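K.L.:
quick one: sequence plus predicted model below, questions after.
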Amino acid sequence: MTPFLIIIKSDYLQRTRSYAFLITLCASLAIAYTFVPEPNANYSTIRIADYVGYYNSAWFGYVTSIMTSIFLSLIGFYLINSGIKKDIETKVGHIIASTPISNFKYLLSKVLSNFMLLLTIVLMVFIMSIVLFVSYNDGFSFELFQFIKPYILITIPAMFFISMLAVVFEVFFGKYSVIQNVGFFFLFSTLMVFTPKTESQFSLDIFGSKIVMHQLEETVRGITNSDTISDLSIGYVLGSEKKVKKFEFNGIDFPTSFIISRFIWILFSIMIIAIISVLFHRFDRKERMSIKKLVTTTKKQHIVKDLLLSSLPKPQINYSMFPLLKTEFLLLFRKGKKWLWIINLIGMVLLVILPIKMSHQMVLPILWFLQVSRLSDLATKETTNNVHYFAFTSFKPIGRVLVSQVLAGVVLMLLLASPLLIRLGLSLSFSGVLALIFGAIFIVMFAVLLGILSNGKKLFEVLFFMIAYANINGIVFVDYFGGFEHPKFYLIQLAVFTIVIGSVGILIRKWQLNK
Amino acid sequence: MTLEIQNVSKLYNRNKYGLKDFSLRIDKGILGLLGPNGAGKSTLLKMIATVSKPTEGIISLNKNNIVKDANYMRKQLGFLPQDFGVYPNLNTYEFLEYMAAMKGVGGANLKPRIKQLLEGLNLMEVAKKPIGSYSGGMKQRVGIAQVLLNNPKIIIFDEPTVGLDPEERVRFRNLISDLANDCIVILSSHIVSDIDTIADKVVIMKNGTLITHGSQDDIIKNVTNTVFETTIKNEELANFKAQHIVVSTTRKDGHMMVRYITENPLENATEMEASLEDAYLYLTKTN
C-alpha cells in the first residue's frame, strides 16, 4: 500500500472508530428504513400527485439513492467537517506539517477519507434497501443493476462533492464553526432550490435528484395523459387522506451528458482542492498568533510576592447558583467571533419589523439555528476543554452546574427571541408566548441530551440542522416553537416531551458520574 | 483528619486492573506518591478526588464513606489533575470565580482571595487576558490557584510540576510545605526529586499495587549499604546493566561512571550514601 493510501486508511479508521460515528450510522440506518415506506404506512417520501411507484427494484433503487443523496449531503457535511480540526486539536498537524507531504496530497487525503466515511453509510443504506425490497416483497423480481445504477450516478458523485466542500470550508473557515454551519446551510438550500429546465441543465444538479424527479413526473404524465402534473413531493408527507395510486417505474436511461457531468463534478472537486492547497495554512496560522500574544504577556511580568496562605482572606460558603449562571452565560455569549453578534442583532431587528407570522415561522428558527455551535457543546464543553475533573468534582455537579448550563442556554435563546416574545405578548397571544418559552427550553434540553448521549456535538448539530431546514420549509411536525397552527394539546405535548428528554439527559449524566 | 483507603480495586476491563486491593491510611502532612508510568497513581487519585468510583473497597474521610457521599469530600477538596484544561475565552479572574462557584465558595472575601492568589502565583499581570493565550506553566499556576480557592483540607496534586520552570518549582515546594500544616496533601510524581525534599511519608506503587509505604528513612533503609559507584568502559555497560540494578550512568573521560545497587560490589567500587531515588529504583525493579 502506498503511503498516500495508508494516510487515508489511518484517517478513516480513526474517525470510524468513534462513538459519534456509530451513533450517526445507527441514526442513518433508522432514517434509511423510512425512505421507502412500509406498505401500510401513513406517510410517503416521494409522491407524484396521487401516485407512488410499485415496489419494484427500480423504485427501491432510485428512491433510496436520491433520498440518500439529499439526506446524506445534508447531514454528512456535519459528520465530516472536522478532519483538519482534529489534526489541529490533537497537534498531529504539527507533525504532519514537518513531513514532506504536499498540501494537495494532505487535503486530497482528507477529501478521500471523508468520502470513504460517507460511502460506508451509503453502503449500509444500500444493503438496507435490498433487505427492505425482499421483506416488502411486492411480487417483482430482484434486478441488482436497478439498485446499483442510481447509486453510482447519483449518490456517489454527490458524496464526493460534499467531501470536497467540507475540506474547503475547513480550510477557509476552520476557526469559525458558526460560518461553516450556517454557510453550508444556505449553500445547501440554494442548491436544492435550483430547478433545471433542459437536459443539459440536469448536469448542473450536483445532487442528481432533479433528473429522476423529472422522469417520475413524465412517467405519471404519460399514464394520466395530463400535461399539468407537477405536484411532486419529496420529503416526509404525513397522513395524506387521498388514496394512493400505483404506477410502474422502470428506471432511467441517463443521457450521456449527465453521465459525463458526474465525472466532471468529481474532477472539478479535485481541481478545487488543488487550487485551495496553495492557500492552506499548513497548521501555521494559530501558532503565529499565540506566540505573539505570549511575548506580550511574558514581557509584562514583575517581581513576585510570596504567597502567604495564612494571610489569605477566609473563603465563605456560598452555594448560590448565580455566579455559575453568570459565567455559563458569559461562555455562551463569548463563543465564536464578536462580529457574528451583528448577525444576531440583525435577526432580532427582523423579529421586530417583519410581519409577526413571518418572524415566527422563518426568522426565529434561523436565528436560533445560528446558535448551533453555542448550544451543541453546552453540556460537553467540560470534556472538550478538559475541565471535567473540576466540574465533575464540584459540589453537586448536576443540581448546580448542569442546571446552570441549561438555564444559561434558555436565557440566551429567550433573549434572542425577546422582540418576538414582546410582540406576541402585546397581541395577547399567550399560547404563542408559552410555546416560544417551551421551545427555547426544548431545544436547549435537546442539545444537552444529545451532547451527554454522544459525548460530542456532532449529533445535535446534524439533527438541529435537519430540524431548522424542515422548519423553514414549513413542516409542521417539527415545529417546536409554536410557529404554526396546532391541535389544542400541542403545548402539553411539547412540555411533556421536553420534561422527558430533560429527565433522560439528567439520568444519563448521573449514571456517567456514578460510573 | 484521616483518609482511609480500604481494599480498593479498580477494574477497567475483565483482565485489566488499574488498582488492585490497595489499602492505606493517610494522616495530616505531605504524602508523596511515587511510581512509574502506569503504576496506578492517577487512578488512585481520581478515586480519592471522587472523579471515579472504585470497583471494590471503601474510601473514607473522617469515617465518612466518600464513595457513597462524594459531596462530603468535594466540600473540602482541592484537586489539580495531571492533564487539565481551561476555558480559553475566560480570563483568570473569571475562570477562578467560576471554579469558586462550582466549589460553593463566594462572599465578599472571594475577590481579595483571588487577587492574593494571583499575586502569589505570579499571574497578576496577565489576569485580565484570555487563558487561551497562556503558556503551559501559566496554565499550571492557574490550576494551582483553583486548588486553593476554598481553603481545602484535602489537597491532591497529580504531577503538579509539569511545565513549571526551576524557580517556580522551588516556590511550589515552599507553598506545599506551608499547606501541609493543617491538611492532608497528596503529591504524585514519577520524579523523585519533586518528592524527596518535602514529603513526610512516601508511597511507592507499581502495576496498580502498593509496594511499600512509610517515612523516607524507612524506605531508604531498603538500600542502605548497597549503593555503590564505579567506573567501567563504555563497551562494558550493556553487560553491566544486565547483571546489576543501575541507578544512573554518567559519561566521564571516555569511561562510564555507574551508580548501582548490589550486595556484592566490585573491588574498585565506592560505597555511596543511599537516597530515596536509589530505594525507589531498587523497589520498582525488584518487585
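P.N.:
Arrived safely, thanks for sending.
K.L.:
CA atoms for contacts and neighbours, from now on please.
P.N.:
Noted.
K.L.:
list the buried ones in the strand or helix carrying A:Val111?
P.N.:
Take DSSP states H and E as the rule and A:Val111 turns out to sit in helix A:103-136. For helix A:103-136, burial by neighbour count (16 or more other Cα atoms under 10 Å in any protein chain shown) applies to A:103-104, A:106-119, A:121-122, A:125-126, A:128-130, A:132-134.
K.L.:
same check, this time on stretch A:142-149
P.N.:
Here stretch A:142-149 shows A:Gln146, A:Phe147, A:Lys149 as buried, counting by 16+ other Cα under 10 Å.
K.L.:
using JSON lines, lay out the residues you listed together with pLDDT and distance to chain B.
P.N.:
Formatted as JSON lines, the buried residues of stretch A:142-149 follow (pLDDT from 0 to 100; distance: Cα to the nearest Cα, whole Å):
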{"residue": "A:Gln146", "pLDDT": "93", "distance to chain B": "47"}
{"residue": "A:Phe147", "pLDDT": "93", "distance to chain B": "44"}
{"residue": "A:Lys149", "pLDDT": "95", "distance to chain B": "46"}
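K.L.:
among those residues, which lie within helices?
P.N.:
Under the assignment DSSP state H, the buried residues of stretch A:142-149 contribute A:Gln146, A:Phe147, A:Lys149 to helices.
K.L.:
for stretch A:32-50, measure first residue to last.
P.N.:
With Cα to Cα, to the nearest Å as the measure, the first residue of stretch A:32-50 is 23 Å from its last.
K.L.:
avg pLDDT for that stretch?
P.N.:
Stretch A:32-50 shows a mean pLDDT of 82.
K.L.:
all strands of the stretch 1-150 of chain A, in order?
P.N.:
For the stretch 1-150 of chain A, applying DSSP state E, counting those that start in this stretch gives strands covering A:43-48, A:51-53.
K.L.:
elements contacting the first one?
P.N.:
If you count contacts as 3 or more Cα pairs under 8 Å, 6 or more residues apart in numbering or on different chains; DSSP states H and E, strand A:43-48 packs onto helix A:209-224, strand A:232-238.
K.L.:
apply 10 Å and report the result again.
P.N.:
strand A:51-53, helix A:57-80, helix A:209-224, strand A:232-238, strand A:245-247 (3 or more Cα pairs under 10 Å, 6 or more residues apart in numbering or on different chains; DSSP states H and E).
K.L.:
can you give me the angle that strand makes with helix A:209-224?
P.N.:
Here strand A:43-48 runs at an angle of 70 degrees relative to helix A:209-224 (axes from the mean of the first three to the mean of the last three Cα atoms, to 10 degrees).
K.L.:
gap between strand A:43-48 and the chain center?
P.N.:
A distance of 23 Å separates the centroid of the chain from that of strand A:43-48, by Cα atoms, centre = their mean, to the nearest Å.
K.L.:
can you give me the angle that strand makes with helix A:57-80?
P.N.:
Put simply, strand A:43-48 runs at 120 degrees to helix A:57-80, going by the same axes, to 10 degrees.
K.L.:
test my guess that A:Ile156 contacts A:Ser65.
P.N.:
Yes - using Cα atoms under 10 Å, A:Ile156 makes contact with A:Ser65 at a distance of 9.2 Å.
K.L.:
neighbour-wise, which of those two wins?
P.N.:
Applying other Cα atoms under 10 Å in any protein chain shown to A:Ile156 and A:Ser65 shows that A:Ser65 carries more neighbours, namely 29 against 23.
K.L.:
tell me the spacing between that one and A:Val178.
P.N.:
Taken as Cα to Cα, the span from A:Ser65 to A:Val178 is 30 Å.
K.L.:
next: A:Ser113.
P.N.:
Taking Cα to Cα, one finds A:Ser113 at 23 Å from A:Val178.
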